[in-house]
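Undergrad: what follows is a protein structure lacking sequence information:
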């Protein structure tokens, strides 16, 4: 067990170094994504359960790809979505799938953008990780978004009209007075489609 913790800590260090390297690449080559050909833009990374995809890839940013396709985690408090109050729909940065709306966003104090419900039924898939955390992924492209915890707001703290329409597939506490889910999401995996 001690050995497993040492390996986990070493992997976190490797992920941090890789993350910094990718951020530096993104800063050094900001026009790389604009130079991709139309043919390359429609290519997509394959996942185990995917066949032909019917979407156009929306990003070639190395930071976004590290989070979405390699499952890395951005450092806490680095996403601009932590501080924004803009209205709109949060979509997957890779395939443009609608994931959350701004009405379900709240400040959890965790350092990552947090939401208490998903946008619609079937927009996400879930996978239990070896350490007991529940990973949430975009159901359209399989991109890693973050994790879901059952320590979100209480039902009395959110608008009842939104609570009544929250998707049944969202994870829930088994307790009667339990808390709603907290989708703790990497800001790099999201884009905001603002309301006009």
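TA: On my side now, so go ahead. The shown structure was predicted, so the numbers you read here are calculated from the model rather than taken from an experiment.

Undergrad: where's residue 161 relative to residue 104, distance?
TA: Look at residue 161 and residue 104: by CB to CB, to the nearest Å, they are 12 Å apart. For every residue, glycine as well, the C-beta is placed using N, CA and C.

Undergrad: before we move on, what about residue 79?
TA: Relative to residue 104, residue 79 is positioned 16 Å away (CB to CB).

Undergrad: still on that earlier bit, neighbour-wise, which of residue 161 and residue 104 wins?
TA: When residue 161 and residue 104 are compared for neighbours, residue 104 comes out ahead with 23 against 8, by other CB atoms under 10 Å.

Undergrad: which stretches of the chain form helices?
TA: Counting by DSSP state H, the chain has these helices, from start to end: 2-28, 38-41, 62-70, 160-164.

Undergrad: weakest of these in terms of mean pLDDT?
TA: Lowest mean pLDDT of the helices of the chain: helix 38-41, a mean of 39.

Undergrad: so for this structure, the centremost residue is which one?
TA: Using CA atoms, centre = their mean, the residue of the chain that lies closest to the mean C-alpha position is residue 145, 2.1 Å off.

Undergrad: can you tell me how far residue 87 sits from residue 64?
TA: Taking CB to CB, one finds residue 87 at 23 Å from residue 64.
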